[in-house]
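Colleague: Show me how the following folds:
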Amino acid sequence: LWASLSYGTYFCLECSGVHRSLGVHISFVRSLNMDSWNAEQQARMRQGGNSLFIKFMRDCGMPEQLQTGGAPAIREKYHTASAEAYRTYIAAAARGEAARLVVVPYEPPAPAQPKTSSTAPAGIGAMSMQGFGSAPAANDSGSAGLDSLMASLGSLSATTANLTSKAAAAAQTATAVAMPALGTVASQAKRAIGTAKDAAKGQMEAIATFDVGRDLAHLHGGDSAQNEPAPGTWGLSGSVGGIGAVATSVATGASWLWGKAQETVTPSFDASRDLQHLVKSGAMPIATSRS
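Modeller: From the prediction side, this is the model:
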């Protein structure tokens with residue numbers, strides 16, 4: 001919020017730019033929260049007030065449209081004899097002097113270049129010249145530039161809000177499209193991993209529990225220990241270290257079994273003895289020699 005010590009009135013940031021362009025001899029501007037205030041400046045604000053100033057200017061005959069006419073209306077209103085009379089009254093009252101507010105008929109100011117005096121209103125003091133409202137504008141073009149800047153900032157803000165809204169909508173649409181596909185891919189990947197895991201687990205359990213001495217016992221015949229495989233080749237005594245070791249042990253065991261079969265059958269076979277039951281039945285002639 002901003003204020004004019006010259007009139008004891010308050011206004012917004014946009015109006016403060018117009019007041020500063022009038023010059024400190026017309027309107028001395030201060031910030032309520034960024035400037036320091038001495039006792040006399042505070043007395044000016046207590047003596048004035050927006051309602052009192054508006055009533056006085058209306059009593060003087062100020063056109064009503066000047067109250068809401070923007071920057072041009074502000075420049076016209078404060079360059080009148082009526083506004084000057086009000087400034088004089090506020091300054092005298094703040095100093096504690098006997099002052100009377102006299103109505104001065106409103107007359108539009110004559111076309112003239114705005115004054116640029118840097119002299120502060122009487123009673124404000126040298127120290128009060130330091131602050132946001134202490135520097136007068138060079139000419140009225142500063143106000144136009146401020147108005148243009150404020151309009152540009154408003155347009156930029158609206159454009160930014162529009163772009164932000166569109167970006168949020170696009171992100172929401174992309175998320176809605178992508179989520180079903182991502183869910184399908186994740187589900188398929190999960191099933192494939194589960195299947196592979198179960199298959200690998202089954203193979204590892206079969207390998208880990210394979211024992212030649214137990215699982216191939218039906219292939220082991222005879223009591224003779226001659227030419228038996230060395231420990232660790234026929235019986236693995238537990239789990240096998242790998243498929244290669246299992247294959248080697250199985251091949252060794254099969255070779256040993258084949259050799260034992262040949263040793264058992266061929267040397268001890270006797271036709272006259274082992275086929276005697278066939279001779280008695282007349283199925284084949286009597287053999288007199290071992291074949």
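
Colleague: ranges for the helices of this structure?
Modeller: For the chain, the helices identified by DSSP state H occupy 13-22, 39-47, 50-60, 71-78, 81-94, 141-209, 212-215, 243-265, 271-274, 276-280, in order along the chain.

Colleague: where in this structure is pLDDT low?
Modeller: Counting by pLDDT under 70, the ranges of the chain that qualify are 112-155, 157-158, 210, 212, 216-246, 258, 260-272, 274-291.

Colleague: Now render the helices of the chain as JSON lines, adding mean neighbour count.
Modeller: (Glycine included, C-beta is placed from N, CA and C.) Shown next, in JSON lines, are the helices of the chain (neighbours: other CB atoms under 10 Å):
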{"stretch": "helix 13-22", "mean neighbour count": "21"}
{"stretch": "helix 39-47", "mean neighbour count": "16"}
{"stretch": "helix 50-60", "mean neighbour count": "16"}
{"stretch": "helix 71-78", "mean neighbour count": "18"}
{"stretch": "helix 81-94", "mean neighbour count": "20"}
{"stretch": "helix 141-209", "mean neighbour count": "11"}
{"stretch": "helix 212-215", "mean neighbour count": "15"}
{"stretch": "helix 243-265", "mean neighbour count": "14"}
{"stretch": "helix 271-274", "mean neighbour count": "12"}
{"stretch": "helix 276-280", "mean neighbour count": "11"}
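
Colleague: Nearest to residue 7, out of these?
Modeller: With CB to CB as the measure, helix 50-60 is the member of the helices of the chain nearest residue 7 (5.3 Å).

Colleague: tell me which strands and helices the closest one is in contact with?
Modeller: In this structure, helix 50-60 packs against strand 9-11, helix 81-94, with contacts taken as 3 or more CB pairs under 8 Å, 6 or more residues apart in numbering; DSSP states H and E.

Colleague: now the angle from it to helix 81-94?
Modeller: Angle between the axes of helix 50-60 and helix 81-94 is 140 degrees (criterion: axes from the mean of the first three to the mean of the last three CA atoms, to 10 degrees).

Colleague: Nearest to residue 167, out of the helices and strands packed on helix 50-60?
Modeller: The closest approach between residue 167 and any of these, judged by CB to CB, belongs to strand 9-11 at 37.3 Å.

Colleague: Can you name every helix or strand that the closest one contacts?
Modeller: strand 2-4, helix 50-60.

Colleague: measure residue 178 to residue 186 for me?
Modeller: In this view, residue 178 and residue 186 are 12 Å apart by CB to CB, to the nearest Å.

Colleague: Residue 102: what's it in contact with?
Modeller: Residues near residue 102 by CB atoms under 8 Å, 6 or more residues apart in numbering: 85, 89.

Colleague: Could you give the backbone dihedrals for it?
Modeller: Comment: the main-chain dihedrals of residue 102 come out as phi -100, psi 130, following degrees, to the nearest 10.

Colleague: returning to that earlier point: how about a markdown table for the helices of the chain, with distance to residue 29 added?
Modeller: Converted to a markdown table, those look like this (distance: least, CB to CB, whole Å):
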| stretch | distance to residue 29 |
| --- | --- |
| helix 13-22 | 5 |
| helix 39-47 | 12 |
| helix 50-60 | 15 |
| helix 71-78 | 12 |
| helix 81-94 | 14 |
| helix 141-209 | 13 |
| helix 212-215 | 103 |
| helix 243-265 | 94 |
| helix 271-274 | 136 |
| helix 276-280 | 139 |
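
Colleague: for those, which one sits closest to residue 101?
Modeller: Distance to residue 101, taken as CB to CB, is lowest for helix 81-94 among the helices of the chain, at 4.7 Å.

Colleague: by how many degrees do the closest one and helix 39-47 diverge?
Modeller: Calculated by the same axes, to 10 degrees, helix 81-94 forms an angle of 120 degrees with helix 39-47.

Colleague: Contacts for helix 81-94, please.
Modeller: Residues from elsewhere that reach helix 81-94, judged by CB under 8 Å, 6+ apart: 6-8, 26, 40, 43-44, 47-48, 53, 56-57, 60-62, 77, 98-107, 121-123.

Colleague: Just the CA coordinates for that helix, please, in PDB.
Modeller: What follows is the C-alpha trace of helix 81-94 in PDB, where atoms were taken according to Å, rounded to 0.1, in the frame of the first residue of the first chain:
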ATOM      1  CA  ALA A  81      -6.600  25.100  -7.400                       C
ATOM      2  CA  SER A  82      -9.000  23.000  -5.400                       C
ATOM      3  CA  ALA A  83      -6.300  20.300  -4.800                       C
ATOM      4  CA  GLU A  84      -3.700  23.000  -4.000                       C
ATOM      5  CA  ALA A  85      -6.100  24.400  -1.300                       C
ATOM      6  CA  TYR A  86      -6.400  21.000   0.200                       C
ATOM      7  CA  ARG A  87      -2.600  20.500   0.300                       C
ATOM      8  CA  THR A  88      -2.200  23.800   2.100                       C
ATOM      9  CA  TYR A  89      -4.800  22.900   4.700                       C
ATOM     10  CA  ILE A  90      -3.200  19.400   5.400                       C
ATOM     11  CA  ALA A  91       0.300  21.000   5.800                       C
ATOM     12  CA  ALA A  92      -0.900  23.700   8.200                       C
ATOM     13  CA  ALA A  93      -3.000  21.300  10.300                       C
ATOM     14  CA  ALA A  94      -0.100  18.800  10.600                       C
END
